[in-house]
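Student: model the following, please.
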Amino acid sequence: MSILPAGWTAILYLIVAVCFILALKGLSSPRTARRGNLIGAAGALVAVVTVFLSARLDNIPAILIAIAVGSAVAAPIARRVQMTQMPQLVALFNGVGGGAAALVALLELGHNDDAWVRAAVVFTMVVGAVSFAGSAVTVAKLQELMTTRPVLFPGMRWAMSGVVLAVLAAGGFVIATGSIGWAVALLLLGLVAGVLLVLPVGGADVPIVISLLNAFTGLAVAASGIVLDNVLLLVAGTLVGASGTILTRAMATAMGRGVGGIMFGAFKGGSTAGSTEVSDRPVRSSGAEDVAVLLGYAQRVVIVPGYGLAVSQGQHTIAELASVLEARGVEVSYAIHPVAGRMPGHMNVLLAEANVPYESLKEMAEINPEFKNMDVALVVGANDVVNPAAKTSPGSPIYGMPILEVGDAGQVVFLKRSMRPGFAGIENELLYDPKTTLLFGDAKDSLTKVLGAAKAL
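Tutor: Below is the predicted model of the structure:
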């Protein structure tokens, strides 16, 4: 017996839906992202409490134990995860959500004989299983538990086609008969399909696939709302599916490629995972003192942050260096590429941690025309997003991707650990340009040395 009347339940669900919409709106800007997260979390809490008060629940102890165990596992992981591992965390939680939706649909199969509901069950199981298995592969790739390069094997296209046909056949049997045996087979086929879908993806394409799988999970949750006759699940899942789809398209556009090319480009050699060979061509390198002099006596400096900055946790040091330069009258700005790091907004959040003024962060379209007026471009741990191969090498895996026009600056300084290529595995010709200087070492250590030398000027 429910405690809340149906009218109050509908009102609370409406409030929750509004909270989710406001949360998505807040997440559209670094300025309001924290508030958006809090609004979304509050909405989710209200939703859970509303379900407990309005639905007839027969297994409350088991539900509470499951919530307690999940919270005990997830909360410490979320609090301790490093910024550089955030994409893996997103993929992990997203995959768990898809898997949960698939299992719930499987358990609900025997409770309804309506063909349309069974169709929703089939859709939820397949999409949820694909999201779960695919997300597990993306986590393994980003965590380097397996190769980040595309994984292909002879006959893979035929295997994928066979699995798709088997999914359609099993799904048809489930809809027609309601057989649990066929449903379990369908679930297993969905898991295989998820693995095969993501294995051919490599390099900088992996975070885009995470976003796509996030959209899949949203669609699975929306379909589970039909299965469970729950409007809130339908609304929330649709919001996640729509926002995930928009984000996927935005990231693909930032890479200058289509979603289809990202997912299946490896079959034609179009993945962003290229060679990992290190060139032995000579480059011009300098010490921290030389870089400090170059920066300290410039009029305009643009900083280009990348994944290397995030790995070294050097954001506070670079913010302090910028303050020292500004105290000397140097104009400092930051050039932010949409897919710098491992996900959209990665660099914005990283620099916000160091209290870098939001006004100093310039998006690609805004900063590119300004590079020609910059005395020095300081590239910290970025490679692919400034690589001219995206414009000059039609055979390159990143060809067509919009880049930051770092080469237009008067002088270019790269802070790199080594001459190893970036995440996409593509050699950067800008490193060999006569006006380019390299400072080798861990980004934070190098920045600390440059900061000390700049203070001594």
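Student: and stretch 33-42, what's buried?
Tutor: Burial within stretch 33-42, assessed by neighbour count using 16 or more other C-beta atoms under 10 Å, is assigned to 33, 36, 39, 40. The C-beta positions use only the backbone N, C-alpha and C, and glycine is treated the same way.
Student: brain fart, stretch 146-165
Tutor: 148, 149, 150, 151, 160, 163.
Student: just give the nearest non-adjacent residue to the last one, would you?
Tutor: In other words, residue 163. residue 193 (5.0 Å; C-beta to C-beta, 6 or more residues apart in numbering).
Student: re the thing from before, just the ones in helices from the buried residues of stretch 146-165, please.
Tutor: Judged by DSSP state H, those include 160, 163 as members of helices.
Student: ok, so of the buried residues of stretch 146-165, who is nearest residue 223?
Tutor: Looking at the buried residues of stretch 146-165 and their distance to residue 223, the nearest is residue 163, at 20.2 Å (C-beta to C-beta).
Student: residue contacts, the closest one?
Tutor: 189, 192, 193, 196 (C-beta atoms under 8 Å, 6 or more residues apart in numbering).
Student: residue 380 too?
Tutor: Contacts for residue 380 (C-beta under 8 Å, 6+ apart) come out as 303, 304, 305, 306, 308, 309, 314, 318, 415, 443, 447.
Student: tell me which element the fifth one falls in.
Tutor: With elements delineated by DSSP states H and E, residue 308 resides in helix 307-312, which encompasses its position.
Student: the first one too?
Tutor: With elements taken from DSSP H and E, the one containing residue 303 is strand 300-305.
Student: for that strand, C-alpha coordinates in PDB please.
Tutor: Only the C-alpha atoms of strand 300-305 are listed here, as PDB (Å, rounded to 0.1, in the frame of the first residue of the first chain):
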ATOM      1  CA  ARG A 300      51.500  37.900 -25.400                       C
ATOM      2  CA  VAL A 301      51.600  34.300 -24.300                       C
ATOM      3  CA  VAL A 302      49.000  31.600 -25.000                       C
ATOM      4  CA  ILE A 303      49.000  28.400 -23.000                       C
ATOM      5  CA  VAL A 304      47.700  25.200 -24.700                       C
ATOM      6  CA  PRO A 305      46.900  22.600 -22.000                       C
END
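Student: what does the pLDDT read for the closest residue to residue 441 other than its chain neighbours?
Tutor: Counting by C-beta to C-beta, 6+ apart, residue 441 lies nearest to residue 417, which is 6.8 Å off, once chain neighbours are set aside. Note on residue 417: pLDDT of 81.
Student: my read is that residue 417 contacts residue 309, right?
Tutor: No: the criterion here is C-beta atoms under 8 Å, and residue 417 misses it with residue 309 at 11.6 Å.
Student: who touches both of those two?
Tutor: By C-beta under 8 Å, 6+ apart, the residues touching both residue 417 and residue 309 are residue 443.
Student: what's residue 387 sitting at in phi/psi?
Tutor: phi -80, psi 120 (degrees, to the nearest 10).
Student: phi and psi next, for residue 215.
Tutor: Main-chain torsions, residue 215, degrees, to the nearest 10: phi -60, psi -40.
Student: need the contact list for it.
Tutor: Shown in contact with residue 215 (C-beta under 8 Å, 6+ apart): 240, 241, 242, 243, 244, 245, 247, 248.
Student: about what we covered before: from the buried residues of stretch 33-42, which is closest to residue 366?
Tutor: Nearest to residue 366 out of the buried residues of stretch 33-42 is residue 33 (C-beta to C-beta; 19.7 Å).
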